[in-house]
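Visitor: mind looking at a prediction? Sequence and model below.
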Amino acid sequence: MKYYALPFDARQATRQLPKTDVEESVRQHIRLLLLTMPGSFRFSPWYGGWLNKHHYRLPDKRKGEKKLENELKEKLQANLRQLLTRYEPRLVLHEVEVTVILSPPGGPREKGGRILFNANVIGTLPNQESFKHAQSIYLK
């Protein structure tokens, strides 16, 4: 079965839209979930990733680097698991693993440094194929 590829290109609305297989369609949907601001779709105010709503209000860095990494990891991991369970029925989810890497500021003018989130999703697709997906997100 073929699925429509994301994102849609409105200029191609009069032509046939590109299609892709189920594995690539699930990958595209995971990227869309992580990069969408919660509340931006009318059909569901919960659709969208935690990072997009809260990355300007990250937990206080004065708590300590390891505690901050663990807090960010737990929040994103729980959010991603919930989003995939709710919005991606084609994927039987086995594992969601998130790693967080805090890096110091690159120069004297840069404040706060950068945060790298690596999300790994492991599951099974409807045709019983194993599915693995890795996504990296940088925040300043």
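Guide: Looks like it arrived, so ask away. Residues are numbered from 1 along each chain as shown.
Visitor: now do the same contact list for L125.
Guide: Taking Cβ atoms under 8 Å, 6 or more residues apart in numbering, we find L125 in contact with 22-23, 26, 90-92, 131. C-beta coordinates here come from the backbone N, C-alpha and C atoms, glycine included.
Visitor: need the max-distance pair from those residues.
Guide: Farthest-apart pair in the contacts of L125 is E23 and V92; separation 13.3 Å (Cβ to Cβ).
Visitor: related to what we said a few turns ago, go ahead and build a ChimeraX selection from the buried members of the contacts of L125.
Guide: Applying 16 or more other Cβ atoms under 10 Å to those, the buried members can be selected in ChimeraX as follows:
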select :22,23,26,90,91,131
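Visitor: ok, of the contacts of L125, which one's closest to L139?
Guide: Looking across those and measuring by Cβ to Cβ, the closest to L139 is V26, at 24.2 Å.
Visitor: picking that back up, filter the contacts of L125 down to the ones in helices?
Guide: 22-23, 26 (DSSP state H).
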